[in-house]
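Visitor: Need the 3D shape of this:
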Amino acid sequence: MAYDSQNLSVLAYANGFTLWHYVTPDAATVVDAADYFNDAADMLRVGDMILANTDTDGTPAAGVFVINANSDGAVDVDNLTVFGGTDSR
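Guide: Sure thing, here's the model as predicted:
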């Protein structure tokens, strides 16, 4: 699939930093590919964080992406840092 602007929302903004939320049926490995967020380049800044729910129609994952590059409309994020762990009970 592809980036869907309707699924990206601002959770908090302060001092030039924005915390975003994004939900998608795309796997985290698809989302963290370079250029996935290019259509949002005018809003995303290096250091912004995106709390994400990925692969919502498969094996869901939740975590945070950090914007590591945004130059000339090309956006890149770090790999998903997953929240949670194993539930042994």
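Visitor: And the strands in the chain, which stretches?
Guide: 8-14, 17-23, 49-54, 61-71, 74-77, 81-82 (DSSP state E).
Visitor: Format these as TSV; extra columns: mean pLDDT.
Guide: Shown next, in TSV, are those (pLDDT from 0 to 100):
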stretch	mean pLDDT
strand 8-14	98
strand 17-23	98
strand 49-54	98
strand 61-71	97
strand 74-77	97
strand 81-82	94
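Visitor: Could you save those strands as a markdown table and add columns showing mean neighbour count and distance to Tyr36?
Guide: Placement of C-beta: from N, CA and C, glycine included. Listed next are the strands of the chain as a markdown table, based on neighbours: other Cβ atoms under 10 Å; distance: least, Cβ to Cβ, whole Å:
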| stretch | mean neighbour count | distance to Tyr36 |
| --- | --- | --- |
| strand 8-14 | 11 | 11 |
| strand 17-23 | 17 | 10 |
| strand 49-54 | 21 | 11 |
| strand 61-71 | 16 | 9 |
| strand 74-77 | 20 | 7 |
| strand 81-82 | 12 | 16 |
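Visitor: Kindly reformat those as CSV containing distance to Ser88.
Guide: Formatted as CSV, these follow (distance: least, Cβ to Cβ, whole Å):
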stretch, distance to Ser88
strand 8-14, 30
strand 17-23, 27
strand 49-54, 23
strand 61-71, 18
strand 74-77, 31
strand 81-82, 17
